[in-house]
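[1] fold the stuff below for me.
(one chain, ligands or ions: 2)
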Amino acid sequence: MFGSVFQNLHAGESDAVGLDISDETFKFVQLKKGRHGFALAAFGEGDFPKELIVSGEVKQEAEVVKILKDAFARPLYGKLTARHIVCSLPEEHSFTRVIQLPKMSMSEAKEAIKWEIEQSIPMGINDVYYDWQLVEMEQQGVGHQDVLISAAPRKIVDGYVSVIKKCGFIPRALEVESVAVSRSLVKDLKTDAPVLLVDIGATRTSFIIFSGTALQFTSSVPVAGNKMIAAISSVCTVKEEEAKKLFYDIGLDKNQQEGKVYAALEPIASDLANQIRSYVAFYESHAMHEHRKEGSVAVAKILLCGGASNLNGLNVYLGLALKIPVETGNPWTNILKEPLKEVPELSYRRSLGYTTVLGLALSGIQKSDL
Ligand SMILES: Nc1ncnc2c1ncn2[C@@H]1O[C@H](COP(=O)(O)OP(=O)(O)OP(=O)(O)O)[C@@H](O)[C@H]1O
Ligand SMILES: [Mg+2]
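    Residues are numbered from 1 along each chain as shown. Ligands and ions are numbered 1, 2, ... in the order given. This next block holds a predicted model:
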């Protein structure tokens, strides 16, 4: 499977539930075949108290299992019928990138990939699971092959696998978040020009450059919704609940609340714009693009997703700051028939926070139905 670092090859071909786990929250989705494309079968979400999962590592397994089992038994909508799970791996604890290899035999390539991974990660090769896939090349006769590699610490993968089994499910695959986000947002997983996907969650913002038929680079910073809410709380001297309300209702609007909410959020938005600017510049100058068409290395569009991408005025602010078109992405683009962006049970705005898990669920159902 594309970009997964753990696969249960004997898992059969039945449907799988997507499960997006982070240290403090989780979401799950099951899709089914609909009359037009796919449809939502079930979804749910919940929180983990602090310390149960720390930096991706499951510390209190019994508690995590109990919380998940309860949530799986009572989805917010529908009923889970699949027995398999495709689970996310936290971006900051995994490694995904495209490398270039000279054209070589499969057995040589395997050795070369192992060597590349050893060079690129700060851990021993025996402490990680890794996976790779040849990337479909846009042009023939370029003399090299792009390979998408991903790796994740065994400690983290084994912890998730054990939790999934103890919940009574069969782990199908573990997939790096950025791969799932790409599957959700990039129509048919193909772009004419590089696109930057920006996933703004509660604790982290991830940057993903997707070009051609594969993601090229990923990185993430620990600045997202929670820090924005904390900034409002401090600048406007209000409690967190009130700050959250201002964050949702006002956002980057200068003309409300005497501009105080704007003043609290603007430095963070500006910082985000700077991060994106340097990330894009890095990609454009380092992209392995000898084989790409003339002029096609420039990032043509930015697609926002993640719950905090709902922030009022953010796409306009970033668009002006970066001079690149910024849009809010459609996490249903490969699930529903165009131009649909939501289903009655899960509104468009809410589904932006479901981008990763919708990509995982899509991976789960695609294996069996496409
Ligand atoms: N309507 C909204 N307007 C503004 N912010 C929102 C809205 N709805 C949710 N958020 C914010 O989105 C964030 C949650 O986003 P998301 O569900 O993508 O995070 P997550 O995947 O759980 O977190 P992470 O990826 O950081 O682990 C929270 O900070 C929340 O306050
Ligand atoms: Mg997230």
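
[2] CA only for contacts and neighbour counts going forward, please
    OK.

[3] and the residue nearest to V176 when sequence neighbours are not counted, how far is that from V179?
    Leaving aside its sequence neighbours, V176 sits nearest to L89 (C-alpha to C-alpha, 6 or more residues apart in numbering; 4.7 Å). Computed as C-alpha to C-alpha, to the nearest Å, the L89 to V179 distance reads 10 Å.

[4] compare those two (neighbour count), which wins?
    Legend: neighbour count by other C-alpha atoms under 10 Å for L89 and V179, higher for L89 (30 against 25).

[5] how much space between that one and ligand 1?
    11 Å (C-alpha to the nearest ligand atom, to the nearest Å).

[6] ramachandran angles for that residue?
    With angles defined as degrees, to the nearest 10, L89 sits at phi -120, psi 130.

[7] contacting residues for it?
    The contact partners of L89, by C-alpha atoms under 8 Å, 6 or more residues apart in numbering, come to 20-21, 56, 152, 157, 174-177.

[8] so where's the stretch 251-370 of the chain shaky on pLDDT?
    Within the stretch 251-370 of the chain, the stretches with pLDDT under 70 are 288-296, 366-370.

[9] near ligand 1, which residues of it are found?
    Listed as neighbours of ligand 1 in the stretch 251-370 of the chain under the rule C-alpha under 6 Å from any ligand atom: 306-308, 310-311, 353.

[10] distance to T213, secondary structure and neighbour count added to these, as a markdown table?
    Converted to a markdown table, these look like this (distance: C-alpha to C-alpha, whole Å; DSSP: H, G, I helix; E, B strand; the rest coil; neighbours: other C-alpha atoms under 10 Å):
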| residue | distance to T213 | secondary structure | neighbour count |
| --- | --- | --- | --- |
| G306 | 22 | coil | 28 |
| G307 | 26 | helix | 20 |
| A308 | 27 | helix | 24 |
| N310 | 27 | helix | 22 |
| L311 | 30 | coil | 17 |
| G353 | 24 | helix | 22 |
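
[11] could you dump the residues you listed to JSON lines with distance to K33?
    What follows is those, written out as JSON lines (distance: C-alpha to C-alpha, whole Å):
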{"residue": "G306", "distance to K33": "25"}
{"residue": "G307", "distance to K33": "26"}
{"residue": "A308", "distance to K33": "30"}
{"residue": "N310", "distance to K33": "29"}
{"residue": "L311", "distance to K33": "32"}
{"residue": "G353", "distance to K33": "22"}
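
[12] and which of the residues you listed is nearest T328?
    Distance to T328, by C-alpha to C-alpha, is smallest for N310 among these, at 8.3 Å.

[13] not counting its neighbours along the chain, what's nearest the closest one?
    That would be R349: by C-alpha to C-alpha, 6+ apart, it lies 6.5 Å from N310.
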